[in-house]
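Participant: Predicted model follows, preceded by the sequence.
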Amino acid sequence: MSQSFDPRQGYDQNGRMIPKAYDALLLASFGGPEGQDDVLPFLRNVTGGRGIPDERLEEVAVHYRKNGGISPINEQNRALKAALESELAGRGINLPIYWGNRNWHPFVNDTLKQLADDGHRKVLMLGTGAYAGYSACRQYREDLGMGLLATGLDHEVEVDKLRQFFDTPAFVQPFVQGLRQSLASVRTQLEAAGKAEGEIKIVFVTHSIPLSDANAAGPEEIRAAQSENLYTVQHRAVAQYILSQVQEAAGLEHSLVYQSRSGAPHTPWLEPDINDALQADAAAGVDGVVVVPIGFISDHMEVLWDLDTEAKDTCAELGLAFDRVATPGTHQAFVSGLVDLIEERLLGADGKALREGRQSVVAGGPWFDVCRPGCCEKRALDGTLRPTIAAVDSEVGVPQA
Ligand SMILES: CC1=C(CCC(=O)O)c2cc3nc(cc4[nH]c(cc5[nH]c(cc1n2)c(C)c5CCC(=O)O)c(CCC(=O)O)c4C)C(CCC(=O)O)=C3C
Ligand SMILES: [Fe+2]
């Protein structure tokens, strides 16, 4: 007989979930092609029914084709999984990790079947998006909501979600260290070019998203109190924190810009695009830039192409010195900080939470374990809401009357 459970129980007024005896961790990510034959099927999975023009798909396919049809993202997730496994083992925590993707093998539905076959029933999901918003948060909740229904596991396997982690030391520390290094590198480049006193600008960059997604990011109760969309507000807060930790950044100009826009040209997305912004910076007398990719956790294709290829080329054309800060990847601070977040949610053998209190250093955190009503809401083309997990208004797993 299958067990029933109610996902609307077990958390407090602040969206904090009472620690549980989770028996598996699910690393949920985007997925990417692993050979030339995978490229188009992968892109069709990514854009299914979302009106990305064919020209944009052809253009993006080339980025992968030039890299042998391989996205680095899968290798990076395998490495993150291995690093998390070793950190958990080092702390004596027995929590097997499974990996599943939205857009490519291993698909999350197959992973769900596997972990259920292996006997797991209480799963904590770590999605690789750090911020609020549809693509980075709610879509992962939908992947699991739809996945549990599609596999028929919705009354057997319970999946909760680790909180978005933009505000945590885990996520921001690697950028702090990286910014120091990149500032030194650009300074050295300028000295070598005889411009020792040249002006350096710090350019924080993240994934552009449709304005409608940005405006829907986060719960209404928090959105209402902001002067700007919450996706942007969270990125500005991360940038501010990183700057506050790097003495060498004092007095330097900085900005927040966007990359990797897709979608139909008449649909508004967040702007400015990094390449346009760099042009304006050069015209305003900037001599070199440090690009800080605070939107992502690893150096995947959007970083390698849109920043290390395109934005770098733009800088070369404009005569700007360029250096790009590394993403967290498997930085020790990131890995151990993520395990700290996992510990916040885990009940030990003695029935006590492994870690009391929540780590948060950036304004706007700590984020909810359980999303508020209407959080990052986005309707399917037919006007319906897709099933989700891990929200106050999630329905998947509720015992049927
Ligand atoms: C907020 C956000 C994150 C960060 C949060 C997270 O990490 O989850 C992210 C991550 C990523 N985005 C990625 C790749 C792509 N994103 C696309 C399209 C889109 N992204 C969007 C947003 C985001 N995307 C949006 C609103 C679209 C429009 C269509 C849609 O609503 O889906 C397309 C389609 C073609 C194009 O137009 O570019 C591709 C190929 C890869 C993999 C890179 C690799 O392979 O190494 C990763 C990690
Ligand atoms: Fe994307």
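Facilitator: Okay, I see it. Residues are numbered from 1 along each chain as shown. Ligands and ions are numbered 1, 2, ... in the order given.
Participant: Reduced to three states, what does the residue of the chain most remote from its centre come out as?
Facilitator: Of all residues in the chain, Gly194 has its C-alpha farthest from the mean position, at 39.1 Å, by CA atoms, centre = their mean. Assigned with DSSP: H, G, I helix; E, B strand; the rest coil, Gly194 falls in the coil class.
Participant: On the pLDDT front, check it for me.
Facilitator: Per-residue confidence for Gly194 comes out at a pLDDT of 97.
Participant: what about stretch 192-202, distance to the chain center?
Facilitator: Using CA atoms, centre = their mean, to the nearest Å, the distance from the centre of stretch 192-202 to the centre of the chain it belongs to is 32 Å.
Participant: Kindly format the C-alpha coordinates of it as PDB.
Facilitator: What follows is stretch 192-202, C-alpha atoms only, in PDB (Å, rounded to 0.1, in the frame of the first residue of the first chain):
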ATOM      1  CA  ALA A 192      51.400  46.400 -19.300                       C
ATOM      2  CA  ALA A 193      49.600  48.700 -21.700                       C
ATOM      3  CA  GLY A 194      51.100  51.800 -20.100                       C
ATOM      4  CA  LYS A 195      47.800  52.700 -18.500                       C
ATOM      5  CA  ALA A 196      48.600  52.100 -14.900                       C
ATOM      6  CA  GLU A 197      46.100  54.700 -13.700                       C
ATOM      7  CA  GLY A 198      43.400  53.500 -16.100                       C
ATOM      8  CA  GLU A 199      39.800  53.300 -14.900                       C
ATOM      9  CA  ILE A 200      38.500  49.900 -14.000                       C
ATOM     10  CA  LYS A 201      34.700  49.100 -13.900                       C
ATOM     11  CA  ILE A 202      33.200  46.100 -12.100                       C
END
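Participant: That one: which residues count as buried?
Facilitator: Buried residues in stretch 192-202, defined by neighbour count with 16 or more other CB atoms under 10 Å: Gly198, Ile200, Lys201, Ile202. (Each C-beta comes from the backbone N, C-alpha and C, glycine too.)
Participant: do stretch 25-44 as well
Facilitator: Counting neighbours by 16+ other CB under 10 Å, one finds that the buried residues in stretch 25-44 are 25-34, 38-40, 42-43.
Participant: quick one: which of those residues is nearest to Ala224?
Facilitator: Comparing the buried residues of stretch 25-44 against Ala224 with CB to CB places Ala28 closest, at 29.5 Å.
Participant: give the contact list for the residue lying closest to Gly295 once chain neighbours are set aside.
Facilitator: With CB to CB, 6 or more residues apart in numbering as the measure, Thr206 is the residue that lies nearest to Gly295, at 3.0 Å, once sequence neighbours are left out. Residues in contact with Thr206 (CB atoms under 8 Å, 6 or more residues apart in numbering) are Tyr131, His235, Leu256, Tyr258, Gln259, Pro293, Ile294, Gly295, Phe296.
Participant: In a strand, Thr206, correct?
Facilitator: Yes: following the definition three-state DSSP, Thr206 is counted among the residues of a strand.
Participant: Alongside ligand 1, which residues does the stretch 301-401 of the chain contribute?
Facilitator: Residues of the stretch 301-401 of the chain found near ligand 1, taking CB under 6 Å from any ligand atom as the criterion, are Met301, Glu302.
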